[in-house]
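Chemist: just a sequence and a predicted model for now, questions to come.
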Number of protein chains: 2
Amino acid sequence: MRRPLIRKLEKFTRLSHADKDMLLRIAAQRVRRFAAREDIIHEGEKPEFINLISEGWACRYKTLEDGRRQIIAFFLPGDLCDLNVFVLKEMDHSIGAITPVVVSEISRTAFDEMMIGHPRITQALWWESLVAAAIQREWTVNLGQRDALERMAHLLCELFIRLEAAGCTSNSSCEFPLTQTELGETLGMSTVHVNRTLQELRASNLIVLRDRTLTIPNLQALQDVALFNPNYLHLDREGRHLDANEE
Amino acid sequence: MRRPLIRKLEKFTRLSHADKDMLLRIAAQRVRRFAAREDIIHEGEKPEFINLISEGWACRYKTLEDGRRQIIAFFLPGDLCDLNVFVLKEMDHSIGAITPVVVSEISRTAFDEMMIGHPRITQALWWESLVAAAIQREWTVNLGQRDALERMAHLLCELFIRLEAAGCTSNSSCEFPLTQTELGETLGMSTVHVNRTLQELRASNLIVLRDRTLTIPNLQALQDVALFNPNYLHLDREGRHLDANEE
DNA sequence: AATGGACGTTAACATAGGTAAGGTCATTGC
DNA sequence: GCAATGACCTTACCTATGTTAACGTCCATT
């Protein structure tokens, strides 16, 4: 097992054996599987669990009355849905599987237990949720200011770096299950223009994308095209905040 | 004093006198004033406090290397910056005043104290931060899927309803200090097109905007143009989650 | 009263990106 | 084997929005 969550959290802080055991135990408690394209939670439902994506890709999305769909976020292996979601009465959006997905449901009690007994995990989870918020903000910038080519390049950089943090890349390649339609729904552009844009990135040798595999031969070059600044992912380990709970 | 934070939190839950006193006391501890256009926090700084906007409007924003600026969020009276911000090493964006602004700085200790002694407040603050996240998601939808007219209408609906929750409206009017440039930086469009779009909304009698005052004669009509669904603001009091901490 | 800046407005023109339509290729089911 | 489907790709055409450049108004400053 690749344990993407642990792998990712360790980008931020060191976890003890007890911490890691706890995380593994919680992730094993209630496991559910979903087929590709299936909804994990529907808009309007009352959330009962925090969902942890253990395997596969999922997304948040919202659909307007007239059918337009916007993908709001991607969940990659090791990603969690909102920690505090219990506070809300109902979901204002849906979460759907992109590939076949394995999800661990974390109950409120299990979560509270963990918060009390494992301050290191708690802090790491807050970090992870702040990073998720930072990503959402960066998407706002992406949609508001960047043109199609920059936007696409930016998304690819972000996904690649996040996959790397979860241990889901090898060299300069990763699995890339998104269809051009989904890319369009993410970046606010038509599939036709997604296609044009991908062609352009291919022609400049910035990406190789074939058979659901993405290769980025020169990440820095792609970042330059995208005006990509990775600071919002807060991945530098120095960022951790050492406090009295230090073991 | 209008106490916009208390007013807003009471949209979600009932607060005891002790709760309200606590909030007032914390808000009075460290007060700072900023001039219009002044930065409250710069990208790159280490955040030391949670900022509460007591009076005036502020915004989060990010600037790309080449100067393009995107406003990522607005802070209206009663709004808080990220609760958990202490966890991060440095700000990945800036916060700037739009109007002259009064800010209460909340220290980590004050915040922790409050979390321990006032579970009702704690819960209400988590609610407020989940709503902020929901707003950010809705902005993603706005920028990704809606055209200029819908986008503008949507923003105006959201701001008006949020101001209402903070007690900053009278009838169908509110102060509206944003310049057309700032609207453009928010909605990802040129100032010229902002102007065209506002003209169009005026011509349809959907808004009156003059002398920094916005009037929305028929909010429902504006919502219809915007495909605006207020559920993401989670303002219905029934939404509160009553748990063992009930007093 | 003159100057300058911030903001709003308008017009003429340019273009990024949308729409519609249709084609290829692989996969699946009958 | 053939129809149906879904992903991808392409072309031709069209439009929403950007760009540039004027110009007007209102204030604050001198």
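Modeler: That came in fine, so what should we check first?
Chemist: OK, now which residue of chain A is nearest to DNA strand D?
Modeler: DNA strand D sits closest to residue A:179 of chain A, with a gap of 3.2 Å, by C-beta to the nearest atom of the strand. All C-beta spots, glycine's among them, are computed from the backbone N, C-alpha and C.
Chemist: how close does that residue get to residue A:149?
Modeler: From residue A:179 across to residue A:149, the span is 19 Å (C-beta to C-beta, to the nearest Å).
Chemist: how about residue A:206?
Modeler: Residue A:206 sits 9 Å away from residue A:149, taking C-beta to C-beta as the criterion.
Chemist: tell me which of these two has more neighbours.
Modeler: Legend: neighbour count by other C-beta atoms under 10 Å in any protein chain shown for residue A:206 and residue A:149, higher for residue A:206 (22 against 18).
Chemist: look at the more buried one and tell me its secondary structure.
Modeler: Classification of residue A:206 by DSSP: H, G, I helix; E, B strand; the rest coil places it in coil.
Chemist: find the nearest non-adjacent residue to it, please.
Modeler: Spatial nearest neighbour of residue A:206, excluding adjacent residues (C-beta to C-beta, 6 or more residues apart in numbering or on different chains): residue A:222 at 5.0 Å.
Chemist: hmm, that neighbour is touching residue A:153, no?
Modeler: Yes - between residue A:222 and residue A:153 there is a contact under C-beta atoms under 8 Å: 5.3 Å.
Chemist: what residues sit buried inside stretch A:204-220?
Modeler: Neighbour counts over stretch A:204-220 (16 or more other C-beta atoms under 10 Å in any protein chain shown) mark A:206-207, A:209, A:214, A:216, A:219 as buried.
Chemist: now distance to DNA strand C and pLDDT too, for those residues, in CSV please.
Modeler: Listed next are the buried residues of stretch A:204-220 as CSV, based on distance: C-beta to the nearest atom of the strand, whole Å; pLDDT from 0 to 100:
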residue, distance to DNA strand C, pLDDT
A:206, 16, 97
A:207, 17, 97
A:209, 16, 96
A:214, 19, 97
A:216, 21, 97
A:219, 22, 97
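Chemist: which of the residues you listed sit farthest apart?
Modeler: For the buried residues of stretch A:204-220, the farthest-apart pair by C-beta to C-beta is A:209 and A:219; their separation is 14.4 Å.
Chemist: mind giving me the domain ranges of chain A?
Modeler: What automatic domain parsing lists as the domains of chain A is A:1-143, A:146-235.
Chemist: what about stretch A:59-75, near DNA strand D?
Modeler: No - residues of stretch A:59-75 are not located near DNA strand D by C-beta under 7 Å from any atom of the strand, the shortest gap being 12.8 Å.
Chemist: distance between the ends of that stretch?
Modeler: 5 Å (C-alpha to C-alpha, to the nearest Å).
Chemist: buried residues in that stretch?
Modeler: A:59-62, A:69-75.
Chemist: what about whichever residue of chain A sits closest to DNA strand C, how many neighbours?
Modeler: Proximity to DNA strand C, evaluated over chain A using C-beta to the nearest atom of the strand, is greatest for residue A:193 at 3.0 Å. Residue A:193 has 17 neighbouring residues, counting by other C-beta under 10 Å.
Chemist: is it in a helix, a strand, or coil?
Modeler: When classified by three-state DSSP, residue A:193 comes out as helix.
Chemist: contact partners for it?
Modeler: If you count contacts by C-beta atoms under 8 Å, 6 or more residues apart in numbering or on different chains, residue A:193 has them with A:148, A:184.
Chemist: tell me the pLDDT at it?
Modeler: pLDDT, residue A:193: 97.
Chemist: same question for residue A:201.
Modeler: Note for residue A:201: predicted pLDDT of 97.
Chemist: that one reaches residue A:207, doesn't it?
Modeler: Yes - here residue A:201 reaches residue A:207: they are 4.7 Å apart, a contact under C-beta under 8 Å.
Chemist: quickly list what's touching both of the two.
Modeler: A:156, A:222.
Chemist: and chain A, which residues reach DNA strand C?
Modeler: Counting by C-beta under 7 Å from any atom of the strand, chain A comes close to DNA strand C at A:147-149, A:188-190, A:192-193.
Chemist: now render those as JSON lines, adding secondary structure.
Modeler: JSON lines is the format used below for those (three-state DSSP):
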{"residue": "A:147", "secondary structure": "coil"}
{"residue": "A:148", "secondary structure": "helix"}
{"residue": "A:149", "secondary structure": "helix"}
{"residue": "A:188", "secondary structure": "coil"}
{"residue": "A:189", "secondary structure": "coil"}
{"residue": "A:190", "secondary structure": "coil"}
{"residue": "A:192", "secondary structure": "helix"}
{"residue": "A:193", "secondary structure": "helix"}
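Chemist: so which of the residues you listed wins on neighbours?
Modeler: Top of those by neighbour number is residue A:188, holding 24 neighbours under the definition other C-beta under 10 Å.
Chemist: pLDDT at that one, what is it?
Modeler: Residue A:188 is assigned 97 on the pLDDT scale.
Chemist: ok so, going back, please enumerate the shared neighbours of residue A:222 and residue A:153.
Modeler: Counting by C-beta under 8 Å, 6+ apart, the residues touching both residue A:222 and residue A:153 are A:201, A:206, A:228.
Chemist: number of residues surrounding the spatially closest residue to the last one that is not a sequence neighbour?
Modeler: Excluding its sequence neighbours, the residue lying closest to residue A:228 (C-beta to C-beta, 6+ apart) is residue A:157, at 4.5 Å. Neighbour count of residue A:157, defined by other C-beta under 10 Å: 23.
Chemist: list the buried residues for stretch A:30-38?
Modeler: Neighbour count says stretch A:30-38 has residue A:34 buried, by 16+ other C-beta under 10 Å.
Chemist: near DNA strand D, which residues of chain A?
Modeler: Residues of chain A lying close to DNA strand D (C-beta under 7 Å from any atom of the strand) are A:179-181, A:191-192, A:195-196, A:198-199.
Chemist: good, we can wrap up now.
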